[in-house]
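J.: Coordinates only, no sequence provided:
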């Protein structure tokens, strides 16, 4: 195999024992090119994040533990914003030597400003699973904007499995952008390092609609079991640009914004959102970065779909303008066309514009009722 594994191959990994769930896997966990991972029955409140390069996570974490939270209770436990937690996931790994993996927060996790990173035994990198890894998988969880109520078995992050050299060449990506209209409505584009350089939208789809959402500092607890059960006005304020069309992002505030371009990803490609340029300064532009085959694709999505961005400026306020390059989308081959495409059962709605997470009811502003349900 050479490329990113799809739904079919992930099933084969489960059958072979390369993925070892300690509780029966739920069908919804298998997405077109990712596997959703579940938190276990306990979360450890810890004084600091760490990388356990010289030993097992379970041993290395002990001096840092300040509290143990029981997530198996019917009402789970509340994780406080600004605090660091560590939970063992219910899926262990026994990867073959030719297979590696990457992890990312799920889209619904990133859009509520919950920062997650996978941690492995005797490994010195977050979210990177080396080829042939055998052992448990842990998740560092940091709610940034809201206190959250979390229960055992809920899914905060996802994993993508790779074999060989998966990246699409710049020449091929350029050709496919034109031949398959991967950026519908866009006349210009830049390809570099298997990536499309994409910009920020500060123009609403309809007059009067916001161009973004900013997290409130006085929000109540967000219960992750209540899908569609929260009033967005209690958690977010609408954002509109200044009179000159620019927007100044406030230091350490969390924003939901959208890409200027609309995207289409065919069945034999997958993508990952990456930072554009560290020279832009400490402006984090994404938390959840995996894009599955079929995103914005097909007859039901003729105009493609926007990428939704989770943005947080650090250090100083940051002024942005419409169309400003702010992230890049890196494309990879899948091992074959994916039989399951984005937008099906358990995936997001297609044709999304500016969208909040699935935990919220439709905003009472304009038509902003496109919600990510991944």
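T.: Looks like it arrived, so ask away. Please read all numbers here as calculations on a predicted model, not as lab measurements. Residues are numbered from 1 along each chain as shown.

J.: Tell me the secondary structure of the nearest residue to residue 227 once chain neighbours are set aside, please.
T.: Once flanking residues are discounted, residue 227 sits nearest to residue 358: 5.2 Å by C-beta to C-beta, 6 or more residues apart in numbering. Glycine gets a C-beta too; all of them are placed from N, C-alpha and C. Secondary structure state of residue 358, per DSSP: H, G, I helix; E, B strand; the rest coil, is coil.

J.: Count the neighbours of residue 358 for me.
T.: Residues within reach of residue 358, counting by other C-beta atoms under 10 Å, total 19.

J.: residue contacts, the closest residue to residue 202 other than its chain neighbours?
T.: Distance criterion C-beta to C-beta, 6+ apart; nearest residue to residue 202, sequence neighbours excluded, is residue 322 at 4.0 Å. Listed by C-beta atoms under 8 Å, 6 or more residues apart in numbering, the contact set of residue 322 reads 199-203, 241, 245, 260.

J.: try it again with 6 Å
T.: 202-203, 245 (C-beta atoms under 6 Å, 6 or more residues apart in numbering).

J.: now swap in residue 129 and tell me
T.: For residue 129, the contacting residues are residue 101, by C-beta under 6 Å, 6+ apart.

J.: related to what we said a few turns ago, okay, the residue nearest to residue 202 and residue 174: tell me how far apart.
T.: Per C-beta to C-beta, to the nearest Å, residue 322 is found 25 Å from residue 174.

J.: repeat for residue 310
T.: Look at residue 310 and residue 174: by C-beta to C-beta, they are 28 Å apart.

J.: More neighbours: which of these two?
T.: The residue with more neighbours, out of residue 310 and residue 174, is residue 310; 26 against 15, by other C-beta under 10 Å.

J.: Next, residue 245: phi, psi?
T.: Backbone torsions for residue 245, taken as degrees, to the nearest 10, come to phi 90, psi 0.

J.: and the nearest residue to residue 47 once chain neighbours are set aside, how many residues sit next to it?
T.: The shortest distance from residue 47 to any non-neighbouring residue, by C-beta to C-beta, 6+ apart, is to residue 64 (5.0 Å). Residue 64: 15 surrounding residues under other C-beta under 10 Å.

J.: is it true that residue 64 touches residue 46?
T.: Yes. When contacts are counted by C-beta atoms under 6 Å, residue 64 is listed as touching residue 46 (4.1 Å).

J.: any idea how far the closest residue to residue 255 other than its chain neighbours lies from residue 250?
T.: Closest residue in space to residue 255, ignoring its immediate chain neighbours: residue 311 at 4.5 Å, by C-beta to C-beta, 6+ apart. Going from residue 311 to residue 250 by C-beta to C-beta gives 11 Å.

J.: Compare these two and say which one has the larger neighbour count.
T.: residue 311 (22 against 13).

J.: Which of the helices or strands spans that one?
T.: If you go by DSSP states H and E, residue 311 is part of strand 305-313.

J.: any idea which helix or strand of this structure has the worst average confidence?
T.: Lowest by mean pLDDT, DSSP states H and E among the helices and strands of the chain is strand 283-284, with a mean of 62.

J.: isn't residue 292 right next to residue 32, touching?
T.: Yes. With contact defined as C-beta under 6 Å, residue 292 counts as touching residue 32 (4.1 Å).

J.: Got the domain ranges for this protein?
T.: What automatic domain parsing lists as the domains of the chain is 3-163, 170-333.

J.: Would you mind finding the longest strand in the chain?
T.: Longest strand in the chain, counting residues (DSSP state E): strand 35-46.

J.: Quick check, pLDDT for residue 189.
T.: For residue 189, the model assigns a pLDDT of 88.

J.: where does it sit relative to residue 305, distance-wise?
T.: 17 Å.

J.: Could you do residue 236 as well?
T.: Distance from residue 236 to residue 305, by C-beta to C-beta: 21 Å.

J.: If you count surrounding residues, which of the two has more?
T.: Neighbour totals were compared for residue 236 and residue 305, and residue 305 leads with 27 against 24 (other C-beta under 10 Å).

J.: Do I have it right that the more buried one meets residue 296?
T.: Yes. Residue 305 lies in contact with residue 296 (C-beta under 6 Å); the separation is 3.7 Å.

J.: hang on, the earlier thing: who are the packing partners of the longest strand of the chain?
T.: Other elements packing on strand 35-46 under the criterion 3 or more C-beta pairs under 6 Å, 6 or more residues apart in numbering; DSSP states H and E are strand 65-70, strand 84-89, strand 155-163.

J.: Quick check: closest non-adjacent residue to residue 176.
T.: Nearest non-adjacent residue to residue 176, counting by C-beta to C-beta, 6+ apart: residue 182, 6.2 Å away.

J.: Report pLDDT for residue 46.
T.: Looking at residue 46, its pLDDT reads 98.

J.: what's the answer for residue 72, then?
T.: For residue 72, the model assigns a pLDDT of 98.
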